[in-house]
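Novice: from the sequence below, what's the structure:
(one chain, ligands or ions: 2)
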Amino acid sequence: MKGVLVVLDGLGDLPCKQLGEKTPLEAAEMPNLDFLAARGEMGCMYPVKPGFIPQSDEAIVSIFGNDLNDSSRGQLEVRGTDIKLVRGDLALRVNFATIDSLEKGNIIDRRAGRTLTTSEAEILSKAINKITLPCSFVFKPTIQHRAVLVLRGGFSDNITGNDSAYLMGIRENSKIGIFKATDDDENTQYTVNILKEFSDKAFHVLNNHPINEERRKKGLLPANYLLMRGAGIENPKLKFYKKWLSVSYTPLEIGFARTSGMKVFSFEYPKLKGFDSYQNLREGLEKACDFSIKTLGKNHKDFDYAYVHIKETDFPGHDNKPLEKKSMLEYIDKTLFEFLRKFAPPNRIKIIVTGDHSTPCRLKDHSADPVPVLFYNVSPPKKKSKETGFFGRFNIYKKKNTDVKILGNDSEAMKDLKGESEATAEKFCEKNARNGKLGMILGKDLLEKLGFDK
Ligand code: ZN
Ligand code: ZN
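Specialist: Numbers count the residues shown, from 1 in each chain. Ligands and ions are numbered 1, 2, ... in the order given. The predicted structure is shown next:
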């Protein structure tokens, strides 16, 4: 194996009050990552482009060198499940959500409080699959509040979904969106009508369902509405990464890796049994790190590169839980990065560590802020003040990087990170990444610039 790319979902952050105005990365004790940082270089990346707030699918599609129009989230997510897609099938990503009423259309929680257990989701899904529509369809719950929907037949995907949380990188409001046709085709209007009928019927089925009555009694939010996005009918046309293996375990990541020609290694995600979604995430993270280590150990001779995507780090950002994010990072350091620290040098394996986007705790959402990048290149540790060395050879970075305007579109709060660094030169964090020698990279250039080929 020549290289490992580790993507920590939602890694980038901003200073947090709860952490004494440090970011979770700055606050976390990560001796193994620091070891790699001391022997590597840092930089920053705009996963898609400056000013753009990426969804996970947009970010990852872009980091692997694809155009955003080459795939849709719905298609990728469904390809990460066991549902078989036929040409013309319309695939969508779905969230179980909580709204006040169809008439008012206020979204109370985009994820039904993140407390929907696996068995509740399965029971609600059975009821949803009994809805009658003029076409056949499959509705399938995946992990926690997530699900996918496939409408069978020749539909159009020139529509907008009813999930207006993000529309092409711009943050939207908290009202449910309206399914809309984006062309004048009759079939597109037909598609819109069917989806509208489906989502209205689903509301009535869900809102009065005994599971939701129970949830209300327990003081939990009812999962009474389905938010849909990422409609797609076309097969994704993604670049092929034949020499890569992937460790992935969410439908989106599995679907992306499969479609990109990688060999997918996956495990079954632990069920959410109680109502503590963070307990579930911690179990998931343990399994993910352990599984990644075993997979890399066993398969490194058969593949040139590995793509490891750790999903859990995104959630504490959405929920403004910086301590939780810090402790997840420390856990990953203690397990996966301890393994990589020992495993990579003797095998001469390069490592990239980055995020797919920033999910700053204080914003409780993805942001356009660039993500830190760490590149370990099997070099000996650097002397702190030395300017030359390995990256002296890569003048191309500096030249190209000046083309990217780095400051214009970031969160105001990002300015806090631009002062003199108090952190040590070795620590992998947003501040050091800002000043790193790799400079500012666009997602689509990352792998090529760091010599990770297909
Ligand atoms: Zn993400
Ligand atoms: Zn997210």
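Novice: state the helix or strand in which the closest residue to Arg79 other than its chain neighbours lies.
Specialist: If the residues on either side of it in the chain are set aside, Arg79 comes closest to Gly255, at 3.6 Å by CB to CB, 6 or more residues apart in numbering. No exception for glycine: its C-beta is placed from N, CA and C like everyone else's. Taking DSSP states H and E as the criterion, Gly255 maps to helix 251-259.
Novice: so what's the model's average confidence on that helix?
Specialist: The average pLDDT for helix 251-259 rounds to 97.
Novice: by contact count, what packs against it?
Specialist: On a contact count with 3 or more CB pairs under 8 Å, 6 or more residues apart in numbering; DSSP states H and E, helix 251-259 meets helix 56-63, helix 73-79, strand 244-247, strand 263-265.
Novice: run the chain-centre distance for that helix.
Specialist: Taking CA atoms, centre = their mean, to the nearest Å, one finds helix 251-259 lying 12 Å from the centre of the chain it belongs to.
Novice: near ligand 1 at all, that helix?
Specialist: No - residues of helix 251-259 are not located near ligand 1 by CB under 5 Å from the ion, the shortest gap being 8.7 Å.
Novice: could you do stretch 64-83 as well?
Specialist: No - between stretch 64-83 and ligand 1, judged by CB under 5 Å from the ion, nothing touches; the nearest distance is 11.5 Å.
Novice: could you export that stretch as CSV, CA atoms only?
Specialist: Only the C-alpha atoms of stretch 64-83 are listed here, as CSV (Å, rounded to 0.1, in the frame of the first residue of the first chain):
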residue,chain,number,x,y,z
PHE,A,64,-12.2,12.6,-5.5
GLY,A,65,-11.9,14.9,-8.5
ASN,A,66,-15.5,14.7,-9.8
ASP,A,67,-17.9,17.4,-10.9
LEU,A,68,-20.9,17.9,-8.7
ASN,A,69,-23.2,17.2,-11.6
ASP,A,70,-21.7,13.7,-12.1
SER,A,71,-23.9,12.2,-9.4
SER,A,72,-26.8,12.7,-7.1
ARG,A,73,-27.1,12.0,-3.4
GLY,A,74,-30.2,9.9,-3.8
GLN,A,75,-28.4,7.6,-6.3
LEU,A,76,-25.3,7.3,-4.2
GLU,A,77,-27.2,6.5,-1.0
VAL,A,78,-29.5,3.9,-2.6
ARG,A,79,-26.4,2.2,-4.1
GLY,A,80,-25.1,1.9,-0.6
THR,A,81,-28.1,-0.3,0.3
ASP,A,82,-29.3,-3.6,-1.1
ILE,A,83,-32.0,-2.0,-3.3
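Novice: tell me the contacts of Arg348?
Specialist: For Arg348, the contact set (CB atoms under 8 Å, 6 or more residues apart in numbering) comprises 2, 378.
Novice: mind redoing it with 7 Å?
Specialist: Taking CB atoms under 7 Å, 6 or more residues apart in numbering as the criterion, Arg348 is in contact with Val378.
Novice: what does Leu336 give?
Specialist: Contact criterion CB under 7 Å, 6+ apart gives 289, 292-293 as the residues in contact with Leu336.
Novice: that one looks like it's in a helix, true?
Specialist: Yes - Leu336: assigned to a helix according to DSSP: H, G, I helix; E, B strand; the rest coil.
Novice: tell me where the stretch 51-200 of the chain has strands.
Specialist: Secondary structure of the stretch 51-200 of the chain (DSSP state E, counting those that start in this stretch): strands at 90-99, 107-109, 137-141, 146-151, 159-160, 166-167, 170-171, 180-181.
Novice: and the fourth one, what does it pack onto?
Specialist: Under the contact criterion of 3 or more CB pairs under 7 Å, 6 or more residues apart in numbering; DSSP states H and E, strand 146-151 touches helix 73-79, strand 90-99, strand 137-141.
Novice: now with 8 Å?
Specialist: Applying 3+ CB pairs under 8 Å, 6+ apart, one finds that strand 146-151 contacts helix 73-79, strand 90-99, strand 137-141, helix 186-207, strand 225-232.
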